[in-house]
Structures are given as structure tokens and as C-alpha cells.
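> Dropping the sequence and predicted coords here.
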Amino acid sequence: MSTLWAVAALSLSGVMPARWATNDPVRVALLVLPAALILGSLSVVITLLVPVPLWLAWGAVVIAAAFCSLVLLRRRGRSAAPDAREGWVEALTGLLPLGVALVLSCAHFTVAGLGWDARSIWVLHARLLTGEGAALVDSLRLPVYAFSHPDYPEGSSFAIALGWVVGGGVDYRQAQLIIGALTIAAVGLAGHEVARVGTGRAGRLMAAGLGSALVMQALIASGGFVSNGYVDTLWAALAVAAVAAGLVAPADHTNLRVTVLLCVAAASVKSDALPIALAVIALTALRLRWARQREPAAPPDGATWHIVAVGIAAVSLWPVVVAALGIPGRYSLAAAMRGLLANDPTVVGRLEPSLTAIERLVPLAVPALALIALGALALRSRIRATGVGGPLWTVAVGALGLAALLVAYLADPADIDFLLLTSASRAVIFLRLALTVAVLVLPLQYCRGVAWARGPYQRPGPALT
């Protein structure tokens, strides 16, 4: 029961930021937990910088976020058109992927307990968060904690710590359930963002089926990592949801705000999401700008670039604070790049086994990319007509994720064979989901166009309000 209260407290804290992103009630309900992760991570940053108790910082952040969201909502007011309202059928079909995630994930929670990394990183950090800010900084600086990745963001650890406060003590099973609940919600959200692309009842139902397929792929790719306390599926699902909202759905300001929120949430969970989050925000803004240039009657830009700038700053906040406080990282990316450019055998020798492991874990990448290329060429005119983003946007983000993963493996000082054995299956979850979304974009063109092809709906174009 304390787990439910902890999730409820997290959900309530994220209502107003989610409401700032969109006024669709179903979408708001799914965005509250990602927004809560952002507020939790920001609270930890304040605790690190200012000697105040964590829960006082969290309360101040929640109140400030609610006030700022309310001010922005009132300022936006009548200057922007409201989000399109959906009928109950469309709303229910949009929730189908979440239902699939809830049903299929039940089997995952037969796992006996937390995995090693979950205990040594996020649960350990949650225990450290119960101390004062100065004690937390001193602990993270100690060499004895180097194994626990002290430079990792603390969004998920904050959620665990909140659960322990609500429950009245440290409980590893509760930590497992909280991370599992956050992960399932994120996977369902990713499927929902895909399902939203369909228009009309028939198109929405077909898109909901594709969103459910993404959910099933996420649970298959994740295996036991859904429920053993690891956050790899959590950040990957949030990043893929951002890709679906920003680079697949029609370009508009609501989807830009949702994308920024999801990117910041993903970066608040694990550092692996940092380059992907920055790229998705930048590409979403670029895509919106191009869409506006094709629409002469588009309204003024408004706060578009302010949203993008704030999103990039929020994503970059944690690594900047970590570097400023002298909290050590596990590896040096600069040293890895220097070794790669200098053809250092100790660095270059790690490249081939890394590529081999990734190729084995993503076996259908080459035929999928060939299908995507042919489909993008064949559906080029339809992509423009429906306003749905082409698959090449998602492929570009996946390629960046692959490059970032390879650089991380080159820079890690651990034995490469041991590293690949223990982490490769988790590290490629985002790559597999991004590839799945890129493939799903092709049938999504039909789901987007079936409404105006068969019914009284007008042919949709890129929405810019």
C-alpha cells in the first residue's frame, strides 16, 4: 500500500507541469510521472548546492513548478488554440497500449529481487539521499563509491527515497515495485504516443494496434529488466515516447512541449539519455520550423525557442552540476576520443567486440533499415500530405544513440568482454525500440490518412498551433 501512496504523491507533484505541456486529460495523466521525475532530480540538485533538507527542497520545487505552470498557462491563454478534443472511443483506443503493458508485465514481477546494479546504484543513492546535502556530496566524492556511478542523475533514486519516507523505512521490495511502476507507465506512454498519430476511429484503432506492438517489443527487448530495479527500460521508453511525439506526430507546439518534457525526464533517469535527449529536442524544433515555413498563414513563433532553450538547459543541468561539485565520473569521454583519433590499440581494440555484440543483439537491423529506406522513398508524398514525420528522423536519432553507446564502451575502463556480457543487452534497448518506431512509421502513414480517405474528416496537414 505504501508503494501506491508513493506513486500517488509523485503523480500529484507532476500534474501542473504535465498540464503545461498539454490540456488533453488522457495525455496529462500519462505525463505526470515523467514530470515528477524531473522535479525530483531538480530537488536533488538544489540539495547538493544548498544545505537544505531534501524534502524541503522538493516541496519548494513542486510549489514553484505549479506556480510557473499556472502563470505560463494563463499567459498562453487565448493566444494559442486548444488541443484537439477526442471522443471517448479515440481516448480508449489510445489507452490500449498501456493496458497491454499492464497485462504483459505481470509475469515480469515474479523476479525474486533487485539486480546487482539496481542495488549498487539507484537503491544505494536513495539511501544516501536520506542524509543532508553536504553529506550527500561528500559521499558521492568518496572513491569507495566509484563503483556506484556517482555521476548518474537521481530522478529514479528520488522516487525510491520518497517511497521509503511514505512507507516509514528502507524496503528493497518497495524500491523494486516503484521502479517497475515507473517503467510500465513509461512503456505505456510510448505506445500511447504512437497511437495518437492515427486520426478518426478506424485510423486510431489501427495506430493503437501499432502502439501495442511497440509495447510488446519493449517488454521482449527488456526481458527481466522491467522489474528487477534497473532503469534502462525506463529511460529508453521515455526517449522513444519523445521521438514519437516530436519526430513522428505532426509538428505543433503542443508536441514540442511534450517532447521537451519527456527528454528532460529521460535525462533525469540515466546519463545514457543525455545525447539522445539533446538531439531529439533540436530535431523537433528544426522540424517545427520547416513545417512553419511551408505554411504561409502560420501564427507567430511565440515561445518556441524559449521552450527549446529551457529544455536544453534542463537536460544539461545535472552533468554541469556534477562537474562543478567535483563528483567523479566512471570514465573520460575526452580521453576515449583522443585515443580513438590517435589509433591507440587499447581503445581501438574495444571497437570490434562492441560492434559484434550490438550486431548480435539487434539482428534484424540491416533488413529493417532497407525496408525503411524503400518505404521512405515510396511514401515520400504521403508523408508530406499527412504531416507525419518520416522514418529517417527516427533513424538519425537511433544512429546517434549507437554512436554514443560505442563511445561509452570505448571510454569505460572495465574489461570489454565483462562489460559487454553484463550491460550490452540493456544498452541496446533504446536502439531496438527506435528501430521499431522507424518501421512503424510506414504503416502509420495509412493510419493517419484513413480518416480523410474514408470519412467526412478533412485531409490533415501539419498542425502549427
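Okay, I see it.
> and L364, what does it touch?
L435 (Cβ atoms under 8 Å, 6 or more residues apart in numbering). Any C-beta I mention is one placed from the backbone N, CA and C, and that applies to glycine too.
> Angles on the backbone of G59, please.
Geometry field for G59 lists phi and psi as phi -60, psi -40, criterion degrees, to the nearest 10.
> go on, D252?
Per degrees, to the nearest 10, the backbone of D252 is at phi -150, psi 170.
> Point to the residue nearest the middle of the protein.
L238 (2.1 Å; Cα atoms, centre = their mean).
> per-residue pLDDT, that residue?
On pLDDT, L238 comes in at 97.
> my guess is it meets V269, correct?
Yes - L238 lies in contact with V269 (Cβ atoms under 8 Å); the separation is 6.8 Å.
> picking that back up, measure how buried the closest residue to the residue nearest to the centre of the chain other than its chain neighbours is and give me the count.
Spatial nearest neighbour of L238, chain neighbours left out: A266 (3.9 Å); criterion: Cβ to Cβ, 6 or more residues apart in numbering. Using other Cβ atoms under 10 Å, A266 is surrounded by 32 other residues.
> residues contacting A266?
By Cβ under 8 Å, 6+ apart, the contact set of A266 is W235, L238, A239, A242, A273, I276, A277.
> Quick check, the first one in contact with S271.
No - in this structure W235 lies outside contact range of S271 using Cβ under 8 Å: 9.2 Å.
> neighbour-wise, which of these two wins?
W235 (29 against 19).
> per-residue confidence at the more buried one?
96.
> Remind me what the strand or helix carrying it packs against, helices and strands.
In the assignment (DSSP states H and E), W235 maps to helix 232-243. With contacts taken as 3 or more Cβ pairs under 8 Å, 6 or more residues apart in numbering; DSSP states H and E, helix 232-243 sits against helix 172-195, helix 200-222, helix 253-267, helix 274-293, helix 391-411, helix 429-454.
> any chance of these in a markdown table, with distance to L421 and mean pLDDT too?
Shown next, in a markdown table, are the helices and strands packed on helix 232-243 (distance: least, Cβ to Cβ, whole Å; pLDDT from 0 to 100):
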| stretch | distance to L421 | mean pLDDT |
| --- | --- | --- |
| helix 172-195 | 23 | 92 |
| helix 200-222 | 17 | 87 |
| helix 253-267 | 26 | 95 |
| helix 274-293 | 24 | 90 |
| helix 391-411 | 12 | 90 |
| helix 429-454 | 16 | 77 |
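> how about those helices, which one is nearest V165?
helix 172-195 (11.0 Å; Cβ to Cβ).
> List the buried residues of that closest one.
174-195 (16 or more other Cβ atoms under 10 Å).
> Check the offset of that helix from the chain's centre.
In terms of Cα atoms, centre = their mean, to the nearest Å, the centre of helix 172-195 is found 11 Å from the chain centre.
> what angle separates that helix from helix 253-267?
150 degrees (axes from the mean of the first three to the mean of the last three Cα atoms, to 10 degrees).
> Report all helices and strands that helix 172-195 contacts.
So helix 172-195, by 3+ Cβ pairs under 8 Å, 6+ apart, packs with helix 2-13, helix 25-49, helix 88-94, helix 96-105, helix 155-167, helix 200-222, helix 232-243, helix 429-454.
> Just give me the neighbour total for A403.
For A403, the count of nearby residues is 11 (other Cβ under 10 Å).
> same thing with P17?
P17 is flanked by 26 other residues according to other Cβ under 10 Å.
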